[in-house]
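>>> what follows is a protein structure lacking sequence information:
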């Protein structure tokens with residue numbers, strides 16, 4: 001399995017009754033894969049993983065796998081309390097997912113040895129290839145990541161902290177401890193803003209929340225960065241991604257809420273977000289609409 005290009009983190013659509021809107025999800029996934037997603041990470045942070053019960057999660061995975069139809073690998077989110085994370089891992093495996101993105105355990109902050117054991121137990125529960133997500137209460141030492149990189153189905157490490165000193169030490173320690181393939185990812189919110197910095201460390205893969213609502217912009221940026229078009233990359237960073245991040249930072253949770261609002265603006269009925277997240281205000285919706293228009297113009301879409 002090879003993850004490459006732009007990684008797609010779809011939203012989870014809800015209907016007027018508040019329940020899972022499966023047809024909208026299937027269309028959302030199919031459109032993203034057709035647009036050129038290099039991987040589908042469903043029911044993760046952007047997909048409101050923390051707001052789904054196990055039955056909903058299972059349906060999201062089933063619909064996503066069916067909609068992707070083998071054209072791109074499908075990873076499901078996992079995390080939270082250990083028993084729940086293990087049940088989720090088993091559910092993802094049963095629905096034919098290609099792998100898991102393991103998010104932090106719930107509430108508690110444990111030492112490195114505890115985090116290592118948490119990862120080991122969830123990895124064993126589903127048996128799927130797993131990417132560790134460093135963020136929140138899950139902060140790993142270089143030695144811990146090097147130890148986990150030797151677990152056969154732990155295949156990668158996604159950084160959501162932005163501590164470049166720590167990440168460089170993790171990369172060097174892992175590379176020095178094992179020859180097996182192990183992939184590193186940029187997992188910061190609105191990751192495009194920090195892509196140049198991560199690429200300086202040799203970390204080229206990144207999450208693109210923007211791909212969920214404006215794949216044209218996301219792909220234009222990716223092509224510019226990988227093709228050496230610094231002028232276009234800087235225009236998109238300056239006039240689209242930077243103001244998007246500034247809008248995102250106005251309200252906690254907007255890293256998800258704005259993405260879902262963007263999907264609605266582009267014409268797909270995916271409903272609002274579930275508490276504790278809140279939907280953007282009318283003023284912020286207008287700002288997002290203007291930003292999307294600007295980004296599409298710069299991308300030539």
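Perfect, I can see it now. These numbers were taken from a predicted model, which means no experiment stands behind them. Numbers count the residues shown, from 1 in each chain.
>>> alpha carbons only for contacts and neighbour counts from here, please
Fine.
>>> and the strands in the stretch 151-300 of the chain?
Using DSSP state E, counting those that start in this stretch, the strands of the stretch 151-300 of the chain run over 154-159, 183-186, 205-208.
>>> partners of the longest one in the sheet?
Think strand 154-159. Sheet pairing here is set by DSSP bridges, and for strand 154-159 it gives strand 130-134 (parallel), strand 183-186 (parallel).
>>> give me the distance from the first one to the chain's centre.
Taking the mean C-alpha point of strand 130-134 and that of its whole chain, the gap between them comes to 11 Å (CA atoms, centre = their mean, to the nearest Å).
>>> in this structure, which helix is the longest?
helix 282-299 (DSSP state H).
>>> helices or strands up against the helix or strand hosting residue 120?
Residue 120 belongs to helix 112-126 when assigned by DSSP states H and E. Counting contacts by 3 or more CA pairs under 8 Å, 6 or more residues apart in numbering; DSSP states H and E, helix 112-126 is packed against helix 82-94, helix 142-148.
>>> what is the rounded mean pLDDT of the longest one?
The predicted model gives helix 82-94 an average pLDDT of 97.
>>> kindly report the same for the shortest one.
Model confidence over helix 142-148 averages 98 on the pLDDT scale.
>>> ok so, going back, in TSV, list the strands paired with strand 154-159 along with distance to residue 231 and mean neighbour count.
Shown next, in TSV, are the strands paired with strand 154-159 (distance: least, CA to CA, whole Å; neighbours: other CA atoms under 10 Å):
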stretch	distance to residue 231	mean neighbour count
strand 130-134	32	25
strand 183-186	22	22
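>>> could those strands be laid out in TSV, adding mean pLDDT?
Formatted as TSV, these follow (pLDDT from 0 to 100):
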stretch	mean pLDDT
strand 130-134	97
strand 183-186	97
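>>> TSV for the ones you listed, including distance to residue 18?
What follows is the strands paired with strand 154-159, written out as TSV (distance: least, CA to CA, whole Å):
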stretch	distance to residue 18
strand 130-134	29
strand 183-186	32
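>>> show me where pLDDT drops low in the stretch 151-300 of the chain?
For the stretch 151-300 of the chain, applying pLDDT under 70 flags no range at all.
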